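> Need coordinates for the below:
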Amino acid sequence: MDAANASALGLILNEILTNAVKHAFTNGRSGHLSLVVQGSDDHGTIRICDDGPGMPSAAPGRSIGTSLITRLARQAHAEATWEDNAPGTCVTITFPQTGVGS
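I've put the predicted structure just below:
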């Protein structure tokens, strides 16, 4: 991944992790947060899941945070998807892999 896309990906990860801590673990609530990174020759995925109360029933993308994540993902030629983790939320970022020096 080139530097410009890597910077956008870093901002995406920061926003997702900040949202998880802020919303899933409010008032000192304990819980679990997982981050899984996988890659293949053509794409990589980062999946972040928490076991918090989950997202409101309103569709993701309506909050400032999810809008920011969606825009940054577009900038990095990536895709962000949200899923119910029952309990909690999972966000998966899928992005293209580029070779070293590409």
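
> Sort out which residues of stretch 11-24 are buried, please.
11-13, 15-16, 19-20, 23-24 (16 or more other C-beta atoms under 10 Å). Glycine gets a C-beta too; all of them are placed from N, C-alpha and C.

> ugh, wrong one, stretch 27-41
Buried residues in stretch 27-41 (16+ other C-beta under 10 Å): none.

> before we move on, back to that, for Ile48, state which of the buried residues of stretch 11-24 is nearest.
Ile16 (5.1 Å; C-beta to C-beta).

> need the contact list for the nearest residue to Asp50 once chain neighbours are set aside.
Nearest residue to Asp50, sequence neighbours excluded (C-beta to C-beta, 6 or more residues apart in numbering): Ala24, at 4.0 Å. By C-beta atoms under 8 Å, 6 or more residues apart in numbering, the contact set of Ala24 is 31, 33, 50-53, 88-89.

> Mind doing that once more with 10 Å?
Contacts for Ala24 (C-beta atoms under 10 Å, 6 or more residues apart in numbering) come out as 31-33, 49-55, 85, 87-89.

> What ranges in the protein fall below the confidence cut-off?
Scanning the chain for pLDDT under 70 picks out 57-62, 99-102.

> Going along the chain, name the helices of it.
3-19, 64-75 (DSSP state H).
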